[in-house]
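> Structure for this input, please:
(one chain, ligands or ions: 1)
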Amino acid sequence: MWRGVIEQYREHLPVTADTPVVTLREGNTPLIPADTLAREIGPDAEVYFKFEGLNPTASFKDRGMTMAVSKALEEGTSAVMCASTGNTSASAAAYASRCGLDCLVIIPEGNIALGKLAQALMHGAKVFAVRGNFDDALRMVREISARYRITLVNSVNPFRIEGQKTGAFEICDALGEPPDYHFIPVGNAGNITAYWKGYTEYHAAGRIDRLPRMMGWQAEGAAPIVRGHVVEKPETLATAIRIGNPASWKQAEAARDASGGMIGMVSDADIIAAYQYMARHEGVFTEPACAACVAGLMRLIREGYFRNAVPAVSGPAGKTARKLRIVCILTGHGLKDPDNALKSSGRPMVIDPTIEAVLEHVPLAPRA
Ligand code: AN7
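Residues are numbered from 1 along each chain as shown. Below is the predicted model of the structure:
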């Protein structure tokens, strides 16, 4: 039985036999082959979606939250707190509810997907919608937790990063090697930091013999790392990554530079196109933020970035070509954000309850 990421990767995590493990059996998410997309690169490429939307609260945050909440409980706290564009608050509220901790969350008013708000409220968190953005909310919770007895569970809490690095372990365990390229959306930059930490630790432990290039993607209207300065008023329909001053900015740049990767940006139009492409051609429904990294991949494919990129490996019979492997981290489920889904896909056709009404829209061939 899968027992969650702490039990699965205990020897790589800062826990002891005394740590009270709070888990919803998160992790163990699938690597779904994205064959339609891979064909656009060529016959020698494999693309995988790591569908983190299949975690218990439907986002990658659960990997970090099981660690942060377990350690908070171990330290004897009675309450946890976070700022959030939605997913962190949903996850914090769920894990806190499981072990009797109070949970306070501050979200930007009007800029959080409906499903995420419903989750935080359902799990009993005290939810404050601030007249401001995520960066304002993060500033507030940092100050409150510095002055009062409450544990901050944003990714500035190092245990969040520790838990989230298990995603990298799972990819390497499943593939038997690291991917060549790791595509990931970037908001507050905790996740790209965590994956890089996971890959480098597995490398140091001798579990893998090379490292992937880290390919991070921001939305054009909220791309401080790409632009090289804080964005005072971040804007994007991908509200999860609507962040102008990421907490792990330096660590994300370090991951990019050490891996020979890149951090780029894509427009909201590109994000919507990738969001629809995944749903219509790969059968995978994510929230828009995830589509930022797929939009980045689609753009690099169009630009011919992967031409002649098939890697060679040295084996007993000399150099042989192996397939190029690309993994995209799909961080949250599409059901989180029904408003954007309906906006980009239209509404059902309303008809009278007759067969003719259906046939008027869809000309079906009669059976012989
Ligand atoms: C679906 O919930 O910041 O770069 O407060 O929900 O680690 O911040 C969410 C971020 C990507 C960006 N995809 O990850 C929050 C929050 C989804 C997300 C990101 C988020 P980071």
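> For the rest of this, base every contact and every neighbour count on C-alpha atoms.
Noted.
> tell me which parts of the stretch 1-150 of the chain are close to the ligand?
83, 84, 85, 86, 87, 88 (C-alpha under 6 Å from any ligand atom).
> repeat that with 5 Å
Applying C-alpha under 5 Å from any ligand atom, we find that the stretch 1-150 of the chain lies next to the ligand at 84, 85, 86, 87, 88.
> In helices, which of the residues you listed appear?
Residues from these lying in helices, with DSSP state H as the criterion: 87, 88.
> could you redo the residues of the stretch 1-150 of the chain next to the ligand as a markdown table and give each row pLDDT?
Formatted as a markdown table, these follow (pLDDT from 0 to 100):
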| residue | pLDDT |
| --- | --- |
| 84 | 98 |
| 85 | 97 |
| 86 | 98 |
| 87 | 98 |
| 88 | 98 |
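> which outside residues touch the strand or helix carrying residue 200?
Element membership for residue 200 (DSSP states H and E) is helix 190-204. Here helix 190-204 makes contact (C-alpha atoms under 8 Å, 6 or more residues apart in numbering) with 155-156, 161-162, 164-169, 178, 184-186, 208-212, 214, 216, 247-248, 251-252, 255.
> Also stretch 94-105?
With contacts defined as C-alpha under 8 Å, 6+ apart, stretch 94-105 is touched by 22-24, 57, 65-66, 69, 77-84, 89, 92-93, 119-120, 123-128.
> What's the ChimeraX line that selects buried ones from those?
Under the burial definition 16 or more other C-alpha atoms under 10 Å, those of the contacts of stretch 94-105 that qualify are selected in ChimeraX by:
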select :22,23,24,57,65,66,69,78,79,80,81,82,83,84,89,92,93,119,120,123,125,127
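> and the contacts of stretch 94-105, which of them are in strands?
79, 80, 81, 82, 83, 126, 127, 128 (DSSP state E).
> which one of the residues you listed is nearest the ligand?
residue 83 (6.0 Å; C-alpha to the nearest ligand atom).
> so the closest one bridges to which residues?
Beta-bridge partners for residue 83, by DSSP bridges, are residue 106.
> shouldn't it be in contact with residue 151?
No - using C-alpha atoms under 8 Å, residue 83 is not in contact with residue 151; the gap is 12.0 Å.
> Give me the contact list for the helix or strand harbouring residue 359.
In this structure, residue 359 sits in helix 355-361 according to DSSP H and E. By C-alpha under 8 Å, 6+ apart, the surrounding residues in contact with helix 355-361 are residue 351.
> Now it - C-alpha only, PDB.
Provided in PDB are the C-alpha atoms of helix 355-361 (Å, rounded to 0.1, in the frame of the first residue of the first chain):
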ATOM      1  CA  ILE A 355     -34.100  13.400 -31.500                       C
ATOM      2  CA  GLU A 356     -34.500  15.900 -34.400                       C
ATOM      3  CA  ALA A 357     -33.100  18.700 -32.200                       C
ATOM      4  CA  VAL A 358     -29.900  16.700 -31.700                       C
ATOM      5  CA  LEU A 359     -29.700  15.700 -35.400                       C
ATOM      6  CA  GLU A 360     -30.000  19.300 -36.500                       C
ATOM      7  CA  HIS A 361     -26.600  20.000 -34.900                       C
END
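> low-confidence ranges in the stretch 151-300 of the chain?
For the stretch 151-300 of the chain, applying pLDDT under 70 flags no range at all.
> Output the set of residues of it in proximity to the ligand.
Within the stretch 151-300 of the chain, the residues that sit near the ligand (C-alpha under 5 Å from any ligand atom) are 186, 187, 188, 189, 190, 191, 240.
> TSV for those residues, including distance to residue 135?
As requested, these are exported to TSV (distance: C-alpha to C-alpha, whole Å):
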residue	distance to residue 135
186	15
187	11
188	9
189	13
190	14
191	17
240	12
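> Mind putting the residues you listed into JSON lines with distance to residue 232 and neighbour count?
Shown next, in JSON lines, are these (distance: C-alpha to C-alpha, whole Å; neighbours: other C-alpha atoms under 10 Å):
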{"residue": "186", "distance to residue 232": "17", "neighbour count": "33"}
{"residue": "187", "distance to residue 232": "14", "neighbour count": "30"}
{"residue": "188", "distance to residue 232": "14", "neighbour count": "27"}
{"residue": "189", "distance to residue 232": "17", "neighbour count": "25"}
{"residue": "190", "distance to residue 232": "20", "neighbour count": "25"}
{"residue": "191", "distance to residue 232": "22", "neighbour count": "27"}
{"residue": "240", "distance to residue 232": "16", "neighbour count": "26"}
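> For residue 104, which three-state class applies?
At residue 104 the chain is in strand, as set by DSSP: H, G, I helix; E, B strand; the rest coil.
> Quick check, residue 63 in contact with residue 169.
No - when contacts are counted by C-alpha under 8 Å, residue 63 is not listed as touching residue 169 (11.9 Å).
> the more surrounded of these two?
Taking neighbours as other C-alpha atoms under 10 Å, residue 63 and residue 169 compare with residue 63 leading, 30 against 22.
> Just list what the helix or strand containing the more buried one packs against, helices and strands only.
Per DSSP H and E: residue 63 is located in helix 61-74. Judged by 3 or more C-alpha pairs under 8 Å, 6 or more residues apart in numbering; DSSP states H and E, helix 61-74 is in contact with helix 5-8, helix 87-99, helix 158-164.
> repeat that for 6 Å
Helices and strands touching helix 61-74, by 3 or more C-alpha pairs under 6 Å, 6 or more residues apart in numbering; DSSP states H and E, are helix 158-164.
> Just give me how far the helix it packs on sits from the chain centre.
Centroid separation between helix 158-164 and its chain, computed with C-alpha atoms, centre = their mean, to the nearest Å, is 14 Å.
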